[in-house]
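Q: sequence unavailable; structure follows:
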């Protein structure tokens, strides 16, 4: 499939074990955590920015699709090479180039794991706030490409808030340098944050200057159990309206709690229908103040109990129990990642429950409630076509609700190929047109991660179909 | 000068007192705080996004230069219509459209003053962190266009960190909507932060969704007096290397202190050659801890005294005394706004002093030291051509030093027309080329704030000349 001249050029560029073309090797780079498949014709493993430049230039010259990839932990199919071509695996560009605690900076290659950044920063009393649940095995490059977040975004912000500068290679095979090595800088356009979150469609990041944050002195928490979902949602709103911002504010609904109960009897009281796990950090006195304020905000006729928690192990017990269970149910779940303004969470969560009931679809919701970022899961039997159709209609109505409540279809997972059909619901055609033109500036031949983010004609037809069902 | 058909079209669009063409009226919109002049042929005052769209479309159709303007408080000439044409004054789009404390959001038109945002937020226990010294009379639109900052950026970040979404009109006269009403969102490219800091060259912002931050419980500080500049710079580095981030870390050098002494005898001790004003905020216990940590970081053989300050009036006394004096000396000063990594401040400040001495130019430095952001002032007699030439050579060498120390030529003032000739020192030609192409996407006819940011051929010749002198 690949032009022979292209293959020859890459063979000259890279030694044998860094340019793989066998079907078996390619299969290992055909999927991500979206469980969708797209088999590439080849996989390349550059070591340097210059090698990335040469590879992208070859793809540009020969019109070969290039899909950049970290460790393939994304859930939206962003690193699935749905159009074949070349996977550019950044996993061997895994050097930490500099740790500069005096300037609160770390310089890394894209293949460094998030956890390695945390470990290298911790020695100096710092951390890097983005903490997706895959932190132990996802790459910084992937975090940057998706503008990843995680539970601590409620206090610390998302990836874009913690990167100062990038070296990257555009779709023309040109090396660019964005941003500054300083915490302030206003010379030229902010290409750094344009590339962050662009899912590998504008440029391949080859080096990043990360901004580090001092580790909090201590961490503690609060757990709160509610008899009622709406009461819990109201408490979330009150917690976020008071000034002591939690460092995490995680929510589990009845469906999530039932999953836990079925496998861990006794871990969650029987009458809890919604639960909050709230982390606070800072000095001992700050923690005490924040805990008191948050306990007060939890007060509600439908509150069963709320209590301070000193150790983070018991704080996160329920959430940790949920993780493997979610993986178990994953083959039969539609996993969404919407976010709504926090004050609309009561209306949103009640709406999702009502829609799931109306369409007779099992539903589990949990997530980063402090950002209004809810992972909505619809559980379906993939062999039951009627149920699947009901679930897709239900999903469509949920997205309508999200947009009506001024929310977004993806808080942190990204568009990839999974949410591409729905992008037009959120972004108007003119703005989407500007984005397409920006894409053409960086990647005039459309070789970088083709097909991602922007809805295709077919996508639009499918979604319109979904709309009619509703 | 303006095409008659264009004037007729704007006359139809806007009532008489919102489309001014007399020379006297135009003169009032010919300058900003850079003290450079560029007289427009007309000034328009839209009320709505739709009116902005119609005006930009008219400029687009007739090829008329359009310079967006808030209140003209910028110091880099960003709102000076150096190519004439139309000034689009956003000052009458000054409505606060929504205050939404539950979601920590305020929605504003661009002509709202920064101080009005602060006042409206304060009622609900919030503030908006960007705080340029012109806060009382500069507009949010200008803050967004320049990615303004101020003393509190060291803890709270800059404008780009405190905006969630924009409505804007591109140079084609098309309305776009960027970002989300939520604190997380990864659908599509981050056009919000691309437009923030683009100095009105990509689009005219007509509405902004601002992210609010809870007011700190209390504010206090530390003042520190040093016998020696380098000792002070070392203390800055130590303060920023410990985890208790000050909410402001302002620096005054011997030149700045001498200006104060001349007008306010007794305010600053005679042997102080460098001074820090350090603000800390938070709870009483946090403040106490931070003050102790910062006092410890100030310890130095060349420290004269460092002491906690309870009231902010005495904390800021020296800085407040300096402000009017700087205005007095302004006609004869070259005012720069560089930033270097904090750990390089000792080398940078020593370097500036040496260069000023070498070129026999009076020099005053002060600024936001926690971000490494130093306002370097060269004081010259504008009638003394030889001195002016020495100052320009000295400036050139200072910029070389900044770049060598991985710094940036502008921390917060922006490029405008003042720093345009030097942009090529900081941004490589390929990256600058991408920025030019992005500009063409938003503004294909180049009508939006033409001439700003990107160096002209003439600029480059002038700077190269400067380089030869050095």
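A: Nice, I can see it. Bear in mind that the values here come from a model prediction, so they are computed numbers and not experimental data.
Q: which stretches of the stretch 1-150 of chain A form helices?
A: Taking DSSP state H, counting those that start in this stretch as the criterion, the stretch 1-150 of chain A contains helices spanning A:4-13, A:23-27, A:49-62, A:114-122, A:140-146.
Q: report the contact partners of residue A:376.
A: With contacts defined as Cβ atoms under 8 Å, 6 or more residues apart in numbering or on different chains, the neighbours of residue A:376 are A:335, A:336, A:337, A:338, A:352, A:363, A:365, A:398. Just so you know, the C-beta spots here come from the backbone N, C-alpha and C atoms, and that holds for glycine as well.
Q: my guess is residue A:248 contacts residue A:151, does it?
A: Yes. At 4.0 Å, residue A:248 counts as touching residue A:151 under the criterion of Cβ atoms under 8 Å.
Q: mutual contacts of those two, please.
A: Shared between the contact lists of residue A:248 and residue A:151 (criterion: Cβ under 8 Å, 6+ apart) are residues A:279, A:368.
Q: contact partners for the nearest residue to residue A:66 once chain neighbours are set aside?
A: Taking Cβ to Cβ, 6 or more residues apart in numbering or on different chains as the measure, residue A:66 lies nearest to residue A:59, with 4.4 Å between them; neighbours along the chain are not counted. For residue A:59, the set of contacting residues under the criterion of Cβ under 8 Å, 6+ apart consists of A:6, A:65, A:66, A:85, A:86, A:173, A:447.
Q: residue A:334 bridge partners, please.
A: In this structure, residue A:334 has the following beta-bridge partners (DSSP bridges): residue A:378.
Q: got it, and residue A:210?
A: Partner residues in beta bridges with residue A:210, using DSSP bridges, are residue A:106, residue A:163.
Q: contact partners for residue A:329?
A: Taking Cβ under 8 Å, 6+ apart as the contact definition, residue A:329 lies against A:259, A:364, A:377, A:379.
Q: neighbour-wise, which one of those leads?
A: Counting by other Cβ atoms under 10 Å in any protein chain shown, residue A:377 has the largest number of neighbours within the contacts of residue A:329, with 26 neighbours.
Q: okay, the helices of the stretch 1-150 of chain A in TSV with mean pLDDT next?
A: Formatted as TSV, the entries for those read as follows, by pLDDT from 0 to 100:
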stretch	mean pLDDT
helix A:4-13	98
helix A:23-27	96
helix A:49-62	98
helix A:114-122	98
helix A:140-146	98
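Q: quick check: which of those helices is buried the most?
A: By mean neighbour count, with neighbours taken as mean count of other Cβ atoms under 10 Å in any protein chain shown, helix A:140-146 ranks first of these at a mean of 30.
Q: does that one reach chain B?
A: Yes. Judged by Cβ under 8 Å from any Cβ of the partner chain, helix A:140-146 comes into contact with chain B through residue A:146.
Q: which is the next helix or strand following that helix?
A: Going down the chain from helix A:140-146, the next helix or strand is helix A:153-156, by DSSP states H and E.
Q: could you look up the SS state of residue A:313?
A: Here residue A:313 takes the helix state, with states given by DSSP: H, G, I helix; E, B strand; the rest coil.
Q: can you pull up the residues of the stretch 51-200 of chain A that come close to chain B?
A: For the stretch 51-200 of chain A, the residues in contact with chain B (Cβ under 8 Å from any Cβ) are A:100-105, A:125, A:146-147, A:149, A:153-154, A:157-158, A:160-161, A:170, A:174-178, A:180-191, A:193-194, A:196-198.
Q: those, buried ones only, as a PyMOL selection?
A: The PyMOL selection below is limited to those of these classed as buried (16 or more other Cβ atoms under 10 Å in any protein chain shown):
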select buried, chain A and resi 100+101+103+104+105+146+147+149+153+154+157+158+160+161+170+174+175+176+177+178+180+181+182+183+184+185+186+187+188+189+190+191+193+194+196+197+198
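Q: tell me the domain boundaries of chain A?
A: Following automatic domain parsing, chain A resolves into domains at A:4-89, A:96-214, A:218-404, A:420-469.
Q: those: which one's closest to residue B:281?
A: The closest approach between residue B:281 and any of those, judged by Cβ to Cβ, belongs to domain A:218-404 at 11.8 Å.
Q: so which of the contacts of residue A:376 sit within helices?
A: Residues from the contacts of residue A:376 lying in helices, with DSSP state H as the criterion: A:352, A:398.
Q: format the contacts of residue A:376 as CSV; extra columns: neighbour count, distance to chain B and pLDDT.
A: Conversion of the contacts of residue A:376 to CSV gives the following (neighbours: other Cβ atoms under 10 Å in any protein chain shown; distance: Cβ to the nearest Cβ, whole Å; pLDDT from 0 to 100):
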residue, neighbour count, distance to chain B, pLDDT
A:335, 20, 15, 87
A:336, 25, 12, 91
A:337, 23, 9, 94
A:338, 27, 9, 97
A:352, 24, 16, 98
A:363, 23, 21, 94
A:365, 25, 16, 96
A:398, 24, 15, 97
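Q: make a markdown table from the contacts of residue A:376 and add distance to residue B:81 to it.
A: Supplementary listing: the contacts of residue A:376 in a markdown table, determined by distance: Cβ to Cβ, whole Å:
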| residue | distance to residue B:81 |
| --- | --- |
| A:335 | 52 |
| A:336 | 48 |
| A:337 | 45 |
| A:338 | 44 |
| A:352 | 52 |
| A:363 | 57 |
| A:365 | 53 |
| A:398 | 49 |
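Q: farthest-separated two in the contacts of residue A:376?
A: With Cβ to Cβ as the measure, no two of the contacts of residue A:376 lie farther apart than A:337 and A:363, at 14.7 Å.
Q: please list the residues of the stretch 251-400 of chain A that sit near chain B.
A: The interface of the stretch 251-400 of chain A toward chain B, taken as Cβ under 8 Å from any Cβ, is made up of A:282-283, A:285-286, A:289, A:339-343, A:368, A:371-373.
Q: go with 10 Å
A: With Cβ under 10 Å from any Cβ of the partner chain as the criterion, the stretch 251-400 of chain A comes near chain B at residues A:282-286, A:288-290, A:337-344, A:368, A:370-373.
Q: buried only: go through those residues for me.
A: Here, 16+ other Cβ under 10 Å leaves A:282-283, A:285-286, A:288-290, A:337-344, A:368, A:370-373 buried among these.
Q: now, those residues that are in helices?
A: For these, membership in helices holds for A:285, A:286, A:288, A:289, A:290, with DSSP H as the criterion.
Q: which of those residues lies closest to residue A:137?
A: Of all those, residue A:290 has the smallest distance to residue A:137: 31.6 Å, by Cβ to Cβ.
Q: wait, the closest one sits on residue A:242?
A: Yes. Taking contact to mean Cβ atoms under 10 Å, the distance of 9.2 Å between residue A:290 and residue A:242 places them in contact.
Q: ok, residue A:315 - contacts?
A: For residue A:315, the contacting residues are A:219-223, A:248, A:250, A:277-280, A:308-309, taking Cβ atoms under 10 Å, 6 or more residues apart in numbering or on different chains as the criterion.
Q: can you tell me the closest non-neighbouring residue to it?
A: Closest residue to residue A:315 in three dimensions, ignoring its sequence neighbours and counting by Cβ to Cβ, 6+ apart: residue A:221, at 3.9 Å.
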